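Colleague: Predicted model and sequence follow; I will ask about them next.
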There are 2 protein chains.
Amino acid sequence: MNIGTASKQSSLPAKTIRYYEDIDLIRPARAENGYRDYSEIDVHRLRFLQRSRSLGFTIDECRLLLSLYDDENRASADVKAIAKAKIAEVDRKIVELEGLKDTLSALAQNCHGDERPDCPIMDDLARAHEE
Amino acid sequence: MNIGTASKQSSLPAKTIRYYEDIDLIRPARAENGYRDYSEIDVHRLRFLQRSRSLGFTIDECRLLLSLYDDENRASADVKAIAKAKIAEVDRKIVELEGLKDTLSALAQNCHGDERPDCPIMDDLARAHEE
DNA sequence: CTTGACCTTCCAGTAGATGGAAGCCCTATC
DNA sequence: GATAGGGCTTCCATCTACTGGAAGGTCAAG
């Protein structure tokens, strides 16, 4: 099938699919006219990529997951380890963002937010950890 | 002062400071030998940038904040609006990451994580919203 | 035969830096 | 005066994961 069809079936933009080919994530056959020709298996891999990317795995992690996907003898523990590492990473990001939110909220709360120029947010940004 | 000193005083790598100059965020004087020569005011701006970047403001937002910083007649409401928009953005990201974490956690929990190859995580990635 | 949708390649740009190479400049030491 | 080091300069490349667009080939319908 052509890239447009593969795109619909995998929920990936055609541009992205070509890019994935560029970085050696997937290598479709070519039809005689030079068009890419995707098999059902290719589409499965594309969907696999779509799903793992949407779950926040990086391209390199996807590469690793794909190789495990291809490996009949993989241990599920290997997959689980990657997932757990990703969970920990997501957790760290959440904590970081919550800290950020608290700081910003505290600043915004103290700002009267009117026509006057004096502003605690600006003061904080300007002071910026002068000791 | 030289860039090395400005770097220490602003907690920004010299590379980053040069980059900020490249994108017109700051324009230091030049000494006769061609070295960048930072004033106290420059360092304040650098610290301002360091702090606002660390609070998650984009470069363009920093640019805007800096112009407000320079504006004696700014309204604190303008600053507060930017901060509130950023808070909302951070909130959206947190929600998104929490959804991600829940999905990943559910997958990981169902995976026995041993030597056997069968793995619910892989199954999910492979199934990937086939209807 | 033409139109329009689809496909191809290639090049550039996004955000925000960061790494490295080649080459000055400055200070200290011998 | 020579030299060694550290710091400074510019410029170019690289990273992530795409996305946009131009120029042009292909295909099916009317």
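Modeller: Alright, I've got the coordinates.
Colleague: Report whether the helix or strand encompassing A:L65 contacts DNA strand D.
Modeller: Element membership of A:L65 [criterion: DSSP states H and E] is helix A:59-70. Yes: interface with DNA strand D: helix A:59-70 contributes A:I59, A:D60 (C-beta under 7 Å from any atom of the strand). For every residue, glycine as well, the C-beta is placed using N, CA and C.
Colleague: Which neighbouring elements make contact with that helix?
Modeller: helix A:40-54, helix A:76-110, helix B:120-127 (3 or more C-beta pairs under 8 Å, 6 or more residues apart in numbering or on different chains; DSSP states H and E).
Colleague: Number of residues surrounding A:E32?
Modeller: 6 (other C-beta atoms under 10 Å in any protein chain shown).
Colleague: Assign a three-state SS to it, would you?
Modeller: Here A:E32 is recorded as coil under DSSP: H, G, I helix; E, B strand; the rest coil.
Colleague: Let me know how buried A:H44 is, in neighbour terms.
Modeller: A:H44 has 17 neighbours, counted by other C-beta under 10 Å.
Colleague: Now do the contacts for the residue lying closest to it once chain neighbours are set aside.
Modeller: Of all residues beyond its chain neighbours, the one nearest A:H44 is B:A126 (6.5 Å), with distances taken as C-beta to C-beta, 6 or more residues apart in numbering or on different chains. The contact partners of B:A126, by C-beta atoms under 8 Å, 6 or more residues apart in numbering or on different chains, come to A:H44, A:R47, A:F48, A:Y69.
Colleague: most neighbours, which of these?
Modeller: Counting neighbours by other C-beta under 10 Å, A:F48 comes out on top of the contacts of B:A126 with 23 neighbours.
Colleague: sorry, back to before: and the contacts of B:A126, which is closest to DNA strand C?
Modeller: Of all the contacts of B:A126, DNA strand C sits closest to A:R47, with 17.0 Å by C-beta to the nearest atom of the strand.
Colleague: Sounds good, over and out.
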